[in-house]
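Student: Quick one: sequence plus predicted model below, questions after.
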Amino acid sequence: MLAQLIANGIVAGAEIAIVAMSFAFIYSATRFFNFAHASSYLAGAYVAYFLVVVARCSLAIGVGGAVVGSILVGLTMEALVFRRLRRRGASSLILLLTSFGLLVAFQSVISVVFGDGTLVLSRAKVSEVLTIGGARITAVQAVIVVACVSIGGCSSVLFRFAHQGRVFRAIASDPELAAMRGVRVDRAILTIFAIGSGVAGLAGVLVGLDTDLYPLMGLHALLLAMVAAIVGGIDTPAAAGLGGLLIGFAQQFGVWKLPSAWQDAIAFFILIIFLLFRPQGFFGETFKRAS
Amino acid sequence: MTTFRCEALEKEFDGIQALDNVSLQIIPETITAVIGPNGAGKTTLLNVFTGFMRPDHGRCFLGSHETTNCPPHRIAGLGIARTFQDIRLVQQLSVIENVLLAVPRQRREKLLPALFAFGGEDEETRTHDLAMQHLRLLGLDAKADDLANELSYGQQKLLTLGCCLATEAHTLLLDEPVAGIHPEVAGQILDFIRHLKEKGRTVLFVEHDIGAVRSIATTVIVMDQGKIIAQGPPEEILDRPEIVEAYLG
Amino acid sequence: MDYVVHILVLIAIYSILTFSLDLLVGHTGILSLAHAAFYGLGAYTSALLALRAGAPFSVCIVAAMVLAVLVSFAVSIPSFRLQDDYLVLAIFGFQMIVSSLFTNLQGLTGGPLGLAGIPQPHLLEWTIGSHLGFLLLTSISAGLTFVIVRRISGSPFGRVLHAIREDELLAKALGKNTLRFKIAAFAISAALAALAGSLYASYISYIDPTAFDVMQSVLVVAMVIIGGAGSVWGPLVGAVVLVALPEALRFLGLPYAAAANLRQVVYGTLIVTMMMARPEGLVGRYRFERGR
């Protein structure tokens, strides 16, 4: 029983963590709460659905297409909308509001095309149940956990050691200074959007394989990811990822004791507590000092 | 007469000691100039005095009342007004509205009177006349209804002084009042500061312009790397070779 | 004809929401994504008092507004010292929690099924039952809201709000306790949103949580921005455009669900277009884009 609870917590946490890491990654360079990030997640899930269920392609093509689609969505939003607003000196509030508009429009288009109801993407292969240490998880859930750990590990290494990581950190701490030092800020931000959106899209298709698809799943996942990023620390993706694990666990353990409908209220309550008392998150300052 | 003083102020940020054991007293009805190279801690001093920053150690007093941890609006309410290094005005309001904003104790600044008090026009006319008086003193009355961002740089600086005056503060802390100003308008500003002192106000200003300091200051305080390195009348301080050296070196 | 009156009633109710939200967004510079939460609090309070306690309409309205003010204090007092983005998030979190409460406190609110059979309002001698009657009631309320916001914005109190919007640090340096001003503005806007909620509940006579969720909040924000934040008539223009336009879509003969989603596509696109092309809105002057 306890083992199952822990396993559920890890899986739920991993699902949130992947999106939280992608969100925090983009936030670190652009410094606004990008609600449109949910569109990349949605794009991932629904492109995969279209390819696999409608066009009857293989799962591999479905996942590949999902990532490509989500990257395209993210890049388009940055290139056509956010970059222009940024050049005009738009405040982070304007960007926040605009990103909401983009999300609402995109989500509604998905609703129009695919309908409001839930769609099923999962295949028999991925629903195969594995038993690990007394707990049962499905194959795709295992993949989610592995993906989460890999992404977390890669981003830590990237940030700390690779040259590109240093570039990203420079942009995060002072974009103007970085530009003066010759960093091609706009191009770097495009790269950041591509990576972040691709990861979000991957999360979307993986979760879609695990549970059902519905148009609001993007916003729902993003909200939890934002809470996780604040709780863990929005400065580095790794901290946000750890926040995701915490929120996932909190929700699963909370649901054990309270009716499941209260899951989200719990998460948002935690969000407000952190905003008021520890806005840098659990790991925010620690990570900052280390780098 | 309430005297503003501070004891042993310490403030560190970004690894720099911005204030290092600073103690001073502002004598009422004088004009004190604070000079020193960039990064000496002058603006930090103003920020701590006016509650925009908290010192790591040390205390500030207005008379016997401790102001160290008071929020900025409380300190302003105690009669200490300030200007900022970058001109701060409500750009989208008119010149006279900026001054009206500064006038204290307006009944209809509270929500319920704002909604329900009728016949309060008397007070508002009086306030308006008072604001116009202030503007006349600054030579800005003709521009009363122009938007603040339509004024020239020098006129905007004058306006910020006018707002300080309108707060009825007894002590004014000015951050670089003549920086970047055409000499003619600078002269106007300096005259205005002199006039303030004659009206019984106390002024402390931060400046780089030694000419300005020489022309109006009664006391000069020299800061460097967060410490006060000299204090005294301008004739005595400004001709000392080590001060000139610290400044230009 | 009845249909036109119905649209006008909706416009009137939404105007109450937009004018009151504009007090926060356009005049004080606070982006609140929780206006629908107060709208809902007003609606549920009013409905429950009428249904369960048989309270007269005037009592329902007053109770709804008082509750909204009290709840607004519970939010603003702890969180209004937060800056910009974080404040928006905290207010947003509050909206999500309230939505969750509407859906989950089934014993009280009827859960996802909502509350039905909300009685018609009796005011003094009259029972308001017809669409025209409601049009009169809601228009008067909207007019009252307009007058209140206008009076506030033209007063010295309003001048301080505008200063807070432009440069809060300066306002503090001039001796203004900006926290108090922001809390007061939030309370007024919450009370008026609750008024709109009461009117809505007794007009439609049925309420459920989906009418008061975060999307509804975003819609009202969109109306304010599109009309022109901080302007005299902007909130009305925004309400008219965003209520009337989607109704026009209905005449294209689409099935109901698709129409609702197309409406959202329009809202979203309008927000993005306005922000990019004309942030001051259709009739506004103030560009809601000061980054401090």
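Tutor: The structure has been received and is ready for your questions. All figures in this text were calculated on a predicted structure; none of them were measured in a lab.

Student: Now do the nearest residue to B:Glu124 once chain neighbours are set aside against B:Gln85, distance only.
Tutor: In space, and not counting its chain neighbours, B:Glu124 is closest to B:Arg108: 7.1 Å by CB to CB, 6 or more residues apart in numbering or on different chains. Just so you know, the C-beta spots here come from the backbone N, C-alpha and C atoms, and that holds for glycine as well. Going from B:Arg108 to B:Gln85 by CB to CB, to the nearest Å gives 32 Å.

Student: In terms of neighbours, single out the busier of the two.
Tutor: B:Arg108 (23 against 13; other CB atoms under 10 Å in any protein chain shown).

Student: any low-confidence regions in the chain?
Tutor: Let's take chain A. Residue ranges of chain A with pLDDT under 70: A:124-126, A:285-291.

Student: try chain C instead
Tutor: Chain C contains residues with pLDDT under 70 at C:250, C:252-257, C:285-292.

Student: Pull the contacting residues for C:Thr269.
Tutor: Applying CB atoms under 8 Å, 6 or more residues apart in numbering or on different chains to C:Thr269 gives the contacts A:101, A:105.

Student: Quick check: which element contains it?
Tutor: Taking DSSP states H and E as the definition, one finds C:Thr269 inside helix C:256-277.

Student: now the biggest helix by length in chain B: how far from the chain's centre is it?
Tutor: The longest helix of chain B (DSSP state H) is helix B:121-138. Offset of helix B:121-138 from its chain centre (CA atoms, centre = their mean, to the nearest Å): 21 Å.

Student: Which strands and helices lie in contact with the one helix or strand A:Leu85 maps to?
Tutor: In the assignment (DSSP H and E), A:Leu85 maps to helix A:83-87. Here helix A:83-87 touches helix A:92-114, helix C:256-277, going by 3 or more CB pairs under 8 Å, 6 or more residues apart in numbering or on different chains; DSSP states H and E.

Student: Just the C-alphas of the first one, formatted as PDB.
Tutor: What follows is the C-alpha trace of helix A:92-114 in PDB, where atoms were taken according to Å, rounded to 0.1, in the frame of the first residue of the first chain:
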ATOM      1  CA  SER A  92       5.700  41.400 -18.000                       C
ATOM      2  CA  LEU A  93       2.100  42.000 -17.200                       C
ATOM      3  CA  ILE A  94       1.300  42.700 -20.800                       C
ATOM      4  CA  LEU A  95       3.200  39.600 -21.900                       C
ATOM      5  CA  LEU A  96       1.300  37.600 -19.300                       C
ATOM      6  CA  LEU A  97      -2.100  38.800 -20.500                       C
ATOM      7  CA  THR A  98      -1.100  38.300 -24.100                       C
ATOM      8  CA  SER A  99       0.000  34.700 -23.400                       C
ATOM      9  CA  PHE A 100      -3.400  34.100 -21.800                       C
ATOM     10  CA  GLY A 101      -5.000  35.300 -25.000                       C
ATOM     11  CA  LEU A 102      -2.800  33.000 -27.100                       C
ATOM     12  CA  LEU A 103      -3.700  30.000 -24.900                       C
ATOM     13  CA  VAL A 104      -7.400  30.700 -24.900                       C
ATOM     14  CA  ALA A 105      -7.400  31.000 -28.700                       C
ATOM     15  CA  PHE A 106      -5.300  27.900 -29.200                       C
ATOM     16  CA  GLN A 107      -7.100  25.700 -26.700                       C
ATOM     17  CA  SER A 108     -10.500  26.700 -28.300                       C
ATOM     18  CA  VAL A 109      -9.200  25.900 -31.800                       C
ATOM     19  CA  ILE A 110      -8.300  22.400 -30.500                       C
ATOM     20  CA  SER A 111     -11.900  22.200 -29.000                       C
ATOM     21  CA  VAL A 112     -13.400  23.200 -32.300                       C
ATOM     22  CA  VAL A 113     -11.300  20.600 -34.300                       C
ATOM     23  CA  PHE A 114     -11.300  17.700 -31.900                       C
END
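
Student: Is any residue of it near chain C?
Tutor: Yes. Looking at helix A:92-114 against chain C by CB under 8 Å from any CB of the partner chain, the contacts come from A:92-94, A:96-98, A:100-109, A:111-112.

Student: Count residues in the vicinity of residue 215, would you?
Tutor: By default, I'm working from chain A. Using other CB under 10 Å, A:Pro215 is surrounded by 26 other residues.

Student: Can you look at chain C instead?
Tutor: Neighbours around C:Met215, by other CB under 10 Å: 19.

Student: dump the residue contacts of it.
Tutor: If you count contacts by CB under 8 Å, 6+ apart, C:Met215 has them with A:104, C:36, C:264.

Student: swap the cut-off to 10 Å and go again
Tutor: By CB atoms under 10 Å, 6 or more residues apart in numbering or on different chains, the contact set of C:Met215 is A:100, A:104, A:107-108, A:216, A:219, C:36, C:99, C:264, C:267.

Student: show me where chain B has helices.
Tutor: Secondary structure of chain B (DSSP H): helices at B:42-49, B:72-77, B:95-102, B:111-116, B:121-138, B:153-166, B:183-198, B:210-216, B:234-238, B:241-248.

Student: nearest to C:Val224, of the ones you listed?
Tutor: Closest of those to C:Val224 is helix B:111-116, at 21.0 Å (criterion: CB to CB).

Student: Kindly export the closest one (C-alpha atoms) in CSV.
Tutor: Only the C-alpha atoms of helix B:111-116 are listed here, as CSV (Å, rounded to 0.1, in the frame of the first residue of the first chain):
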residue,chain,number,x,y,z
LEU,B,111,-12.5,56.7,0.2
LEU,B,112,-15.7,57.6,2.0
PRO,B,113,-15.4,61.3,1.7
ALA,B,114,-14.3,60.9,-1.9
LEU,B,115,-17.6,59.1,-2.6
PHE,B,116,-20.0,60.9,-0.3
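
Student: Please see if that helix touches chain C.
Tutor: Yes. Contact between helix B:111-116 and chain C is present through B:111-116 (criterion: CB under 10 Å from any CB of the partner chain).

Student: Can you flag the buried ones in those?
Tutor: Listed as buried from these are B:111, B:113-115; burial here means 16 or more other CB atoms under 10 Å in any protein chain shown.

Student: which residues touch residue 237?
Tutor: Going with chain A. A:17, A:20-28, A:151-152, A:154-156, A:158-159, A:168, A:196, A:199, A:229, A:287.

Student: I was after chain C.
Tutor: Taking CB under 10 Å, 6+ apart, one finds C:15, C:18, C:223-224, C:226-228, C:231, C:281-284 in contact with C:Val237.
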